[in-house]
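Asker: Have a look at this fold, sequence not included:
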């Protein structure tokens, strides 16, 4: 017997076993992906997309991606492609085969949601079409925790523009901040009032407001979003969100409502007005929460001292009074006493127009100011009194254990 014959006889079973092993592993991987696809509601979602495509509306552009497509788009989720880290996961920059740039959210964990309910939520979120809402383009269901694919927004977050090294400088102007606030408020108002069914965000904060190359605001991250209940029952859920922005009423009741988003947006307005972070992890306990600091300052009539110097310089006393009043209403402990996001958006737009009007910088008389601000009589002579302020000293509900 030749050496070659011996070699073939020895190595042939080895190679056959190796290829058989690879084949079994591939089949296991396919079965695993198919299992996750079904568990995550893939079949139901496919049916929803098919039904929607059969209507005159078209397919809406929503796509179910394979795991391989997203791995290729993100260079196998390379560290250099990371756009940001969040409480729900990591966001990567991806480039699809058609050269479309996207943001891929790879979540860490997910809430236990019934299969059809999750697929329904994904499909409904994908149908949101608003210029100030980050578009959900698709998802991948072949993994244990579904990955979401969003449109890519190029200029980072509002948080980084307020607090980062490339923050909003004196050249930007508070008018830009006010416009960004209006756009974000309009996006939330759309989700609450015009989307069908209504959608609650659940984690409104400056880090979830993205900015494009023209500094246009786009509300992002629907990882904590919920479809509003269609009946009178309130939605009871595990508390999710970010410390510093969480609605105290939501913390106490575990019931997320549209007014929970209003409270969180009030904190966003405070950040824009003061350019201070919502929460600090060092220093005296009473100085850690921006809301707490502001409320205590209002009590003693020193709230304007907390405002950013550029804000104080650019805005009239009457406009500062009005926007501070709006913030106070948003931060009311009782959700029922807070305005709707539609009211907030309308009020901010009124303030923006007033801020840009020539009369705002001139010595306008009270009637002219009232006309510009469309103020109700009780707002014209609004004064901050102790009755308007949440008494933190009498209640320990709103406290942080850091």
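Answerer: Perfect, I can see it now. Quick caveat, the model's predicted, so the values are computed rather than measured. Numbers count the residues shown, from 1 in each chain.

Asker: Tell me who's in contact with residue 206.
Answerer: 157, 158, 159, 162, 268, 271, 278 (Cβ atoms under 8 Å, 6 or more residues apart in numbering). Any C-beta I mention is one placed from the backbone N, CA and C, and that applies to glycine too.

Asker: got CSV for those, with secondary structure, pLDDT and distance to residue 300 too?
Answerer: CSV is the format used below for these (DSSP: H, G, I helix; E, B strand; the rest coil; pLDDT from 0 to 100; distance: Cβ to Cβ, whole Å):
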residue, secondary structure, pLDDT, distance to residue 300
157, strand, 93, 33
158, helix, 94, 30
159, helix, 93, 29
162, helix, 91, 26
268, helix, 98, 24
271, helix, 96, 22
278, coil, 94, 21
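
Asker: Walking through the stretch 51-200 of the chain, point out its strands one by one.
Answerer: With DSSP state E, counting those that start in this stretch, the ranges of strands along the stretch 51-200 of the chain come out as 63-65, 82-85, 89-95, 101-107, 136-140, 147-151, 199-200.

Asker: wait, which of those is closest to residue 297?
Answerer: Taking Cβ to Cβ, strand 199-200 is the member of the strands of the stretch 51-200 of the chain nearest to residue 297, at 30.2 Å.

Asker: continuing past that closest one, what's the next helix or strand?
Answerer: From strand 199-200 onward toward the C-terminus, using DSSP states H and E, the following helix or strand is strand 209-211.

Asker: Any idea how far stretch 143-160 is from the middle of the chain?
Answerer: Centroid separation for stretch 143-160 versus its chain: 10 Å, with Cα atoms, centre = their mean, to the nearest Å.

Asker: Identify each buried residue in it, please.
Answerer: Neighbour counts using 16 or more other Cβ atoms under 10 Å place 143, 146-153, 155-160 of stretch 143-160 among the buried residues.

Asker: so which of these comes closest to residue 328?
Answerer: For those, the nearest to residue 328 is residue 158 (21.4 Å; Cβ to Cβ).

Asker: can you tell me how far that closest one sits from residue 151?
Answerer: Computed with Cβ to Cβ, to the nearest Å, the distance linking residue 158 and residue 151 is 17 Å.

Asker: could you point out where the stretch 101-250 of the chain is predicted with low confidence?
Answerer: Scanning the stretch 101-250 of the chain with the threshold set as pLDDT under 70 gives 109-116, 165-172, 222-238.

Asker: pLDDT of stretch 309-319, averaged?
Answerer: Averaging pLDDT along stretch 309-319 yields 86.

Asker: all strands for the stretch 251-400 of the chain, in order.
Answerer: 255-256.

Asker: which stretches of it form helices?
Answerer: Per DSSP state H, counting those that start in this stretch, the stretch 251-400 of the chain carries helices over the ranges 258-274, 290-299, 309-314, 317-330, 341-356, 358-361, 366-373, 377-380.

Asker: Residue ranges in the stretch 301-402 of the chain under the pLDDT threshold?
Answerer: 357-402.

Asker: Now residue 205: closest residue in space, sequence neighbours ignored.
Answerer: Nearest residue to residue 205 in three dimensions, chain neighbours excluded: residue 245, at 4.7 Å (Cβ to Cβ, 6 or more residues apart in numbering).

Asker: where does the one you found fall, phi/psi-wise?
Answerer: Main-chain torsions, residue 245, degrees, to the nearest 10: phi -120, psi -10.

Asker: That one contacts residue 264, doesn't it?
Answerer: Yes: contact criterion Cβ atoms under 8 Å: residue 245 and residue 264 qualify, at 4.3 Å.

Asker: anything in contact with each of these two?
Answerer: Joint contacts of residue 245 and residue 264 (Cβ under 8 Å, 6+ apart) are 203, 204, 205.

Asker: Now neighbour count and distance to residue 294 too, for those, in JSON lines please.
Answerer: Shown next, in JSON lines, are these (neighbours: other Cβ atoms under 10 Å; distance: Cβ to Cβ, whole Å):
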{"residue": "203", "neighbour count": "24", "distance to residue 294": "21"}
{"residue": "204", "neighbour count": "29", "distance to residue 294": "17"}
{"residue": "205", "neighbour count": "22", "distance to residue 294": "16"}
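
Asker: What is the nearest of these to residue 356?
Answerer: residue 204 (25.8 Å).

Asker: Leaving out sequence neighbours, find the closest residue to the closest one.
Answerer: Per Cβ to Cβ, 6+ apart, closest to residue 204 is residue 264, 3.7 Å.

Asker: How many residues are close by the one you found?
Answerer: By the criterion of other Cβ atoms under 10 Å, residue 264 has 26 neighbours.

Asker: Does it touch residue 241 like I think?
Answerer: Yes: using Cβ under 8 Å, residue 264 is in contact with residue 241, at 7.3 Å.

Asker: between the two, what contacts are shared?
Answerer: Joint contacts of residue 264 and residue 241 (Cβ under 8 Å, 6+ apart) are residue 203.

Asker: need the contact list for residue 249.
Answerer: 255, 259, 260, 263, 333, 334, 335.

Asker: which residue sits closest to the second one, ignoring its sequence neighbours?
Answerer: What it means is residue 259. residue 335 (3.5 Å).

Asker: any idea how far the one you found lies from residue 247?
Answerer: From residue 335 over to residue 247 (counting by Cβ to Cβ), the distance is 7 Å.

Asker: Give me the nearest residue to residue 37, chain neighbours excluded.
Answerer: Per Cβ to Cβ, 6+ apart, closest to residue 37 is residue 141, 4.9 Å.

Asker: Now for that neighbour: which residues touch it?
Answerer: Residue 141 neighbours (Cβ under 8 Å, 6+ apart): 36, 37, 40, 41, 42, 45, 64.

Asker: Which helix or which strand is home to the second one?
Answerer: When elements are assigned from DSSP H and E, residue 37 belongs to helix 3-39.

Asker: Counting neighbours, which of the contacts of residue 249 comes out on top?
Answerer: residue 260 (29 neighbours).
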